[in-house]
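Colleague: Sequence and computational prediction follow.
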Amino acid sequence: MEAASEAAGVDVEFVVIPRRSLTVVFNRAAPPTFEQVRASIEVIEANRRWFHPADFVAALFREA
């Protein structure tokens, strides 16, 4: 993700959440609210087996 974001010129922040074995990545130019992060984590946890990391990269660049 880091290489893809750098190639696209997007400055990202990585937030590791060890208790959930999860890393949240967001665009620093448009940081999410705490509520948005919490809602995203809830959706990811509920659907973890259906998500693929590429889905998150695509979402990251859609928001840029």
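Modeller: Sure, I can see it. Residues are numbered from 1 along each chain as shown.
Colleague: Show me the strands in this protein, by range?
Modeller: Under the criterion DSSP state E, the chain contains strands at 12-17, 22-27.
Colleague: Let me know which of those strands is tucked in deepest.
Modeller: Neighbour counts (mean count of other Cβ atoms under 10 Å) averaged over each of the strands of the chain peak at strand 22-27, with a mean of 16. Placement of C-beta: from N, CA and C, glycine included.
Colleague: who does it pair up with?
Modeller: strand 12-17 (antiparallel) (DSSP bridges).
Colleague: next one: the strand it pairs with to chain centre, how far?
Modeller: 8 Å (Cα atoms, centre = their mean, to the nearest Å).
Colleague: How about residues contacting that strand?
Modeller: With Cβ atoms under 8 Å, 6 or more residues apart in numbering as the contact definition, strand 12-17 has outside contacts at 1-2, 5, 22-28, 31, 37, 41, 60.
Colleague: Mind doing that once more with 7 Å?
Modeller: Ser5, Thr23, Val24, Val25, Phe26, Asn27, Arg28, Leu60 (Cβ atoms under 7 Å, 6 or more residues apart in numbering).
Colleague: Which single one of the residues you listed is nearest to Asn47?
Modeller: Asn47 lies nearest to Val24 out of the contacts of strand 12-17, by Cβ to Cβ, at 15.2 Å.
Colleague: could you measure the most centrally placed residue in the chain against Val37, distance?
Modeller: With distances taken as Cα atoms, centre = their mean, Val25 lies nearest the centre of the chain, 3.4 Å away. According to Cβ to Cβ, to the nearest Å, Val25 stands 11 Å off from Val37.
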